[in-house]
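Q: I'll drop the sequence and a predicted model, then ask my questions.
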Amino acid sequence: MFQGCGLFACVRRRGADVRKRGEAGTASSRVAAEPPLGWDEELEVEVPAAAAARQMAWAEVESATGSFSFRVIGRGGFSTVYLAALSSSRLGAVKVVQHCGSERHSRAFRQELDVLLTLRHPHVVRLLGYNCDERDEGVLVFEYAPNGDLHESLHGRGADNALLPWPRRVAIAFQVGMALEYLHDESSSREVIIHGDIKASNVLLDANMDAKLCDFGFAQSSSGGVKAHRAGGGRPSGRAIMGSPGYVDPHLLRTGVASKASDVYSFGVLLLELVSGREAVCRETGRRLTQVVGPAVSEGKVADVVDPRLGQQHEAGEASVIAELAMRCVGDSPGLRPSMADAVRVLQEKTSALLCAVGSRLDRKIMF
Ligand SMILES: Nc1ncnc2c1ncn2[C@@H]1O[C@H](COP(=O)(O)OP(=O)(O)OP(=O)(O)O)[C@@H](O)[C@H]1O
Ligand SMILES: [Mg+2]
């Protein structure tokens with residue numbers, strides 16, 4: 001269990017090397033911002049001694065956000081996310097989920113909180129605190145990801161929006177893959193989790209441009225190991241079907257049954273997005289990315305779909321591996337899609353850029 005903990009686990013960082021929109025970071029550069037290390041008995045490696053998330057008083061939340069006057073850093077369907085000063089030197093992100101008097105909204109918030117409390121992984125956003133008792137709003141307090149989300153980074157049109165380099169795209173694919181592998185892991189002692197809403201705006205980018213999966217508002221868990229869940233009926237979210245346009249598994253739309261394979265499908269769309277630099281749904285035509293680039297990839301013409309902004313600044317072989325893996329992930333038959341463990345293995349074995357991204361050692365138990 002707890003695969004992928006090694007970004008914490010490798011070595012103590014030698015100084016904060018925080019870079020924005022940079023090349024793939026090295027192992028040493030990414031550990032600096034983490035808290036002090038402790039010893040994980042099970043893995044026999046050093047991991048950060050992260051404190052468990054704690055209930056925070058409303059007054060504490062107000063104080064951290066300047067009574068919600070600080071910058072709004074994100075808005076979702078039912079939530080607003082504020083920048084917060086957790087201490088003189090530490091920023092946070094405060095997600096306020098409006099219940100609006102709705103029992104279903106408040107159950108959805110509770111579900112997200114309950115899932116987050118069971119998770120600990122370097123590529124899942126860390127929950128630091130919460131407030132759920134005092135108001136008609138639920139509050140989740142997270143570590144702050146200063147480079148925003150992957151959607152902004154890939155598709156943002158601001159002047160300061162630098163191009164995401166190829167090695168960083170590969171590293172992000174790998175990191176999100178590891179986070180999903182961790183959620184789906186049936187050998188874990190905690191419940192298996194279906195994320196239910198994998199998409200670029202739910203992938204945060206930290207100071208080193210490392211990925212942190214967020215937004216567990218659609219997550220479902222099962223202690224017996226999730227084979228499939230009927231979405232909608234039992235869901236507290238108020239949204240009939242899990243997922244977002246362009247990312248949601250057509251099989252899930254047809255049957256209402258969510259499974260690990262539906263997360264795999266959405267991950268496949270995310271891979272196509274990283275390779276092509278195009279959005280999951282084309283703004284002009286409304287066509288899904290799978291329809292736009294799928295045929296060319298299936299014919300082996302991956303070069304035709306690689307993000308033109310990259311020019312020659314990418315590894316053609318890696319782009320082929322990732323695009324072909326993506327097509328397996330978005331295959332019609334859920335049973336024929338790779339597991340997340342398989343997908344991560346392919347990425348690890350076939351993409352040398354990862355060596356740059358994580359350092360020269362690829363012993364996953366140590367490095368990830
Ligand atoms: N910890 C964080 N650090 C930086 N930005 C964040 C953080 N958490 C969330 N955000 C920003 O806020 C946005 C909305 O957050 P989140 O996805 O959790 O809300 P949501 O209401 O569930 O969204 P939706 O349902 O629309 O996907 C994110 O896409 C991201 O841009
Ligand atoms: Mg979101």
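A: That came through, no problem. Numbers count the residues shown, from 1 in each chain. Ligands and ions are numbered 1, 2, ... in the order given.
Q: Which residue comes closest to residue 338 once chain neighbours are left out?
A: Closest residue in space to residue 338, ignoring its immediate chain neighbours: residue 328 at 5.5 Å, by Cβ to Cβ, 6 or more residues apart in numbering. For every residue, glycine as well, the C-beta is placed using N, CA and C.
Q: Which residue does the stretch 101-250 of the chain have closest to ligand 2?
A: Going by Cβ to the ion, ligand 2 is nearest to residue 215 of the stretch 101-250 of the chain, at 3.6 Å.
Q: and the longest helix seen in the chain, is it in reach of ligand 1?
A: Ranked by residue count and defined by DSSP state H, the top helix of the chain is helix 166-184. No - Helix 166-184 lies out of reach of ligand 1 by Cβ under 6 Å from any ligand atom, never closer than 13.9 Å.
Q: quick one on the thing from earlier: ok, the residue of the stretch 101-250 of the chain closest to ligand 2 - contacts?
A: By Cβ atoms under 8 Å, 6 or more residues apart in numbering, the residues touching residue 215 are 76, 112, 197, 201, 202.
Q: re the thing from before, mind checking how far the longest helix of the chain is from the chain centre?
A: 8 Å (Cα atoms, centre = their mean, to the nearest Å).
Q: Next: stretch 189-199.
A: Using Cα atoms, centre = their mean, the offset of stretch 189-199 from its chain centre is 11 Å.
Q: anything in it near ligand 2?
A: No - under the criterion of Cβ under 5 Å from the ion, stretch 189-199 makes no contact with ligand 2; the nearest approach is 6.6 Å.
Q: Now do the domain split for this structure, please.
A: 15-143, 150-363 (automatic domain parsing).
Q: can you tell me which of those domains the model trusts least?
A: Of all the domains of the chain, domain 15-143 carries the lowest average pLDDT, namely a mean of 76.
Q: Please compute how far it lies from its chain's middle.
A: The answer for domain 15-143 is 14 Å, by Cα atoms, centre = their mean.
Q: Okay, strands next: where are they in this protein?
A: 37-40, 45-48, 54-55, 72-75, 79-85, 91-98, 127-131, 137-143, 192-194, 203-205, 211-213, 220-222, 229-230, 257-258 (DSSP state E).
Q: Tabulate those strands (CSV), appending mean neighbour count.
A: CSV is the format used below for those (neighbours: other Cβ atoms under 10 Å):
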stretch, mean neighbour count
strand 37-40, 14
strand 45-48, 19
strand 54-55, 11
strand 72-75, 14
strand 79-85, 20
strand 91-98, 22
strand 127-131, 22
strand 137-143, 23
strand 192-194, 23
strand 203-205, 25
strand 211-213, 23
strand 220-222, 18
strand 229-230, 18
strand 257-258, 22
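Q: need the contact list for residue 153.
A: 21, 147, 161, 164, 205.
Q: Isn't the second one up against residue 211?
A: No - taking Cβ atoms under 8 Å as the definition, residue 147 is not a contact partner of residue 211, at 10.1 Å.
Q: what sits in contact with each of those two?
A: With Cβ under 8 Å, 6+ apart as the test, residue 147 and residue 211 both reach 204, 205.
Q: Look up how far ligand 1 lies from the residue nearest to residue 338.
A: Here residue 328 is placed at a distance of 26 Å from ligand 1 (Cβ to the nearest ligand atom, to the nearest Å).
Q: So that residue versus residue 69, what's the distance?
A: 48 Å (Cβ to Cβ, to the nearest Å).
Q: more neighbours, those two?
A: It is residue 328, of residue 328 and residue 69, that has more neighbours when counted by other Cβ atoms under 10 Å, with 16 against 9.
Q: what's around residue 177, how many residues?
A: 28.
Q: so what's it closest to, chain neighbours aside?
A: residue 344 (4.4 Å).
Q: ok, the closest residue to ligand 2 within the stretch 1-150 of the chain - contacts?
A: Closest contact between the stretch 1-150 of the chain and ligand 2, by Cβ to the ion, is at residue 76 (4.6 Å). Counting by Cβ under 8 Å, 6+ apart, residue 76 makes contact with 95, 215, 217.
Q: of all those, which comes closest to residue 133?
A: residue 95 (16.4 Å; Cβ to Cβ).
Q: how near is that closest one to residue 323?
A: 33 Å.
Q: repeat for residue 191
A: Applying Cβ to Cβ to residue 191 and residue 323 gives a distance of 33 Å.
Q: between these two, which one's more packed in?
A: Neighbour count, other Cβ under 10 Å: between residue 191 and residue 323, residue 323 has more, with 26 against 17.
Q: for ligand 1, what are the nearby residues on the stretch 151-300 of the chain?
A: 201, 202, 204, 214, 215, 217.
Q: OK, contacts around the residue nearest to the fourth one when sequence neighbours are not counted?
A: Okay, so that is residue 214. Excluding its sequence neighbours, the residue lying closest to residue 214 (Cβ to Cβ, 6+ apart) is residue 125, at 4.2 Å. Residue 125 is in contact with 142, 143, 145, 204, 212, 213, 214, counting by Cβ under 8 Å, 6+ apart.
Q: Good, wrapping up.
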